[in-house]
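Asker: let me see the structure of the following:
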Amino acid sequence: MKNLRTALGVLVVLLMLSSGAAFALGQPNVNLGFTSFLDGAPPAGPGLYLSEYLQYYTADRINDENGSKSLDVDIDVWVLMNQLIYQSDQAVLFGGKWGLNVMLPIVSLDMGSNPPGFEDNGTGLGDLLIGPYLQWDPIMGANGPLMVNRIELQTIWPTGKYDSDKLLNPGSNHFSFNPYWAATVFLGPKATVSWRLHYLWNDKNDEFSFGGMMPEEVDLEPGQAVHANFTAAYEVLPKQLRLGINGYWFDQITDTKVDGHKDKSLEEKVFAIGPGAVWHFSQDTHLFMNVYVETTAESRPEGERYNMRLVHHF
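Answerer: Okay, here's the model as predicted:
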């Protein structure tokens, strides 16, 4: 068991990418930087929405559990996230109107010139995300909206491409529960702040074998975590352009378990911040652009993330 946990420490530090789509060794596809400005409500009220995301993540270093650089790497990940949202006009609980969110990513992994034997699983479908939610109407003040809120019970299903003989996979091979609270606060006619606060619970991956390097498969149960996106924006062109800052953080709050044995050295943390913008083509069509530079990463890669999101209301 000691040798097993030592191997896990080396490999998880190298490969765990608990970020915006399902390409992690243990952690599932979670929202780090996909959503940003005006996140408290769909932009055009009830109806059907289509969102298309394109995100690129790159990292050239791995940090250890103390946040110090431990290894040079070459990791590139492209994610195409496809999302359908239906927002009803029917209130069901405390005035909240029900809705449904469905997301399916396509993930492309490239580990480049990393150490021999550390193989990725190429391109394939990631894990399916399904989340029923409640959306509340804006809380109104004398001069307009003050705040708008949503709660979603997001679930992550292990439908993604997975091969225990590969170290890096598009799918996580385990179920996760990832509920969140999203809100936007209106500071005036032009300024807003938004956030999305998640809790993450993970089930076991019972087909984990360090990419086939272990003689038998083991149970890997990633630790629970909290993570959030946060933004502040200012309208510089009326009804057209908002500029601002955007960021995210991830903090694992319980130990990862290998065959039931806890390992505190595998707790991940990361913080990222950068500039962003949203262009409103109309009330029904919006383009979000975000850049994130990661810092203070622990037991994970530290890199950069570039995100583009197009939202259309039918």
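
Asker: how many other residues sit next to the residue nearest to Ser51 when sequence neighbours are not counted?
Answerer: Closest residue to Ser51 apart from its sequence neighbours, by CB to CB, 6 or more residues apart in numbering: Gln83 at 4.0 Å. Where C-beta positions appear, they are placed from N, C-alpha and C, glycine not excepted. Residues near Gln83, counting by other CB atoms under 10 Å, number 19.

Asker: same deal with Phe175?
Answerer: Counted with other CB under 10 Å, Phe175 comes out at 16.

Asker: quick check: closest non-adjacent residue to it.
Answerer: Going by CB to CB, 6+ apart, Phe175 has Asp203 as its nearest residue, at 4.3 Å.

Asker: hang on, the one you found packs against Asn178?
Answerer: No - here Asp203 does not reach Asn178: they are 11.8 Å apart, not a contact under CB atoms under 8 Å.

Asker: of the two, which one has the most company?
Answerer: Each of Asp203 and Asn178 has its neighbours counted (other CB under 10 Å); Asn178 has more, 22 against 16.

Asker: and the strand ranked longest in the chain, how far from the chain's centre?
Answerer: Secondary structure assigned by DSSP state E gives strand 69-93 as the longest strand of the chain. Its chain's C-alpha centre and that of strand 69-93 lie 5 Å apart, by CA atoms, centre = their mean, to the nearest Å.

Asker: just stretch 87-102 next, same as before
Answerer: Worked out by CA atoms, centre = their mean, stretch 87-102 lies 23 Å from the chain centre.

Asker: which parts of that stretch are buried?
Answerer: By neighbour count on 16 or more other CB atoms under 10 Å, the buried set for stretch 87-102 is Gln87, Gly96, Lys97, Trp98, Gly99, Asn101.

Asker: now the end-to-end length of that stretch.
Answerer: 12 Å (CA to CA, to the nearest Å).

Asker: for that stretch, what is the average pLDDT?
Answerer: Mean pLDDT, computed over stretch 87-102, is 96.

Asker: the residue nearest to Ser51 bridge partners, please.
Answerer: Beta bridges link Gln83 to Ser51, Met103 when assigned by DSSP bridges.
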